[in-house]
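Visitor: requesting a structural model of the entry that follows:
(one chain, ligands or ions: 1)
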Amino acid sequence: MKNKRILLVIPVLILLLSACGERVKKREVGVVQPPKELEFAVLGKSIHPYWDEVRMGAEAAGKDLGVKVYFYAPSKEDVRAQISQLESYISSKVSGISFGASDPDAIADTIKKAMDMGIPCVAIDTDAPKSERLAYLGTGNYEAGKIAGETLAKVLGGKGKVIILTGSLTALNSLERMQGFKDAVSKYPGIKIVDTVCDYEDQSKAVANAEAALSAHPDLSAFYGVYAFDGPAAALAVERANKAGKIKIVCFDTTPEHMEYIKKGVITATIGQRPYMMGYLSVMLLNNIARAGKEKALMMIPKDKKIDTGVDIVTKDNIDEYRKKLEELGIPVKW
Ligand code: BGC
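Guide: Residues are numbered from 1 along each chain as shown. Take a look at the predicted model:
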């Protein structure tokens, strides 16, 4: 009988001890647990090859660093969709967010909310200075707009009628590119900006806008394409109207479509931004912030918290040099 009891007690003791051991082990695991896997989120403005390059840059940084990267962009300009995606990044407690704001004022409170919850945010492609974003990485858009204006003024010999095609009336990059352009051409009294039309980053609207502009202004001299949708839309409209080469196009970006039109001489010049670098560097910066803390990580960037990723003026004449330059910078070339 006694032996039987002992035989019963032993397994119970073993069970208790092992449960205790489990508890100890669990607590130890808690102490030495590695930091949560870092996950960064990127918020784009529209579905377009331009944003594919941003995504590829961000994913390349994710691969180099061994961290996860998520990307989202609404199909066209959609401020509400951007805000609701930000909310969902915040509720999944990502480790950092880089974002291109279609409307910097509308998004400011949500960025602040993320920052208050300890999720660092940096602006890319277009700044949102009134939000509490820690930094901006992208083109110096006002200066780039000026470059576009000076380039077009030269091409036009200082006179002609110009229409501006853009994809946003709220995003800061669009406003700055238009302002820079206007300031540059204002030095040429012979140049008149006859209209500014917006497509809200909708491909078919961009083409329809360019076609409507051509029929409303048969004596049009040039298009200024502010966003990546706009140059190719103008080029298509000009080709369809058999006015290729006669109506000049100066625009932004260097997607494969832009480069085809540059080679054919339909787009006269384009301002090449560096979207791949924006994606790559933003994930690198967020990673530094997550690991070293924002004070140390931000010490490494300029005082004004702006990292200018640079631009190039690309024409038919320098397209090969441009390709070489991108390759030297480590930017994959898709054209
Ligand atoms: C702009 C982006 C825009 C993209 C597509 C680029 O030129 O920098 O803000 O979303 O064009 O329209």
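
Visitor: tell me which residues in stretch 326-335 are buried?
Guide: Neighbour-count burial for stretch 326-335, counted by 16 or more other Cβ atoms under 10 Å, picks out 326, 331. For every residue, glycine as well, the C-beta is placed using N, CA and C.

Visitor: swap in stretch 307-324?
Guide: Neighbour-count burial for stretch 307-324 [16+ other Cβ under 10 Å]: 307, 309, 311-315, 322-323.

Visitor: is it possible to get CSV of these that adds secondary structure?
Guide: Shown next, in CSV, are the buried residues of stretch 307-324 (DSSP: H, G, I helix; E, B strand; the rest coil):
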residue, secondary structure
Ile307, strand
Thr309, coil
Val311, coil
Asp312, strand
Ile313, strand
Val314, strand
Thr315, coil
Tyr322, helix
Arg323, helix
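
Visitor: most widely separated two among those?
Guide: Distance extremes for these: the farthest pair is Ile307 and Thr315 at 26.6 Å, using Cβ to Cβ.

Visitor: what's the neighbour count on the residue of the stretch 51-200 of the chain at minimum distance from the ligand?
Guide: At 4.4 Å from the ligand, Gly167 is the closest residue in the stretch 51-200 of the chain, using Cβ to the nearest ligand atom. Look at Gly167: counted by other Cβ atoms under 10 Å, it has 29 neighbours.

Visitor: what of Pro302?
Guide: 10.

Visitor: same thing with Tyr142?
Guide: Using other Cβ under 10 Å, Tyr142 is surrounded by 17 other residues.

Visitor: show the model's pLDDT score for it.
Guide: With respect to pLDDT, Tyr142 has a value of 98.

Visitor: quick check: buried residues in the host helix or strand of it?
Guide: For Tyr142, the host element (DSSP states H and E) is helix 141-155. Across helix 141-155, burial judged by 16+ other Cβ under 10 Å covers 141-142, 144-153, 155.

Visitor: any residues of the stretch 101-250 of the chain in contact with the ligand? List them.
Guide: By Cβ under 6 Å from any ligand atom, the residues of the stretch 101-250 of the chain that approach the ligand are 125-126, 167, 173, 201, 227-229.
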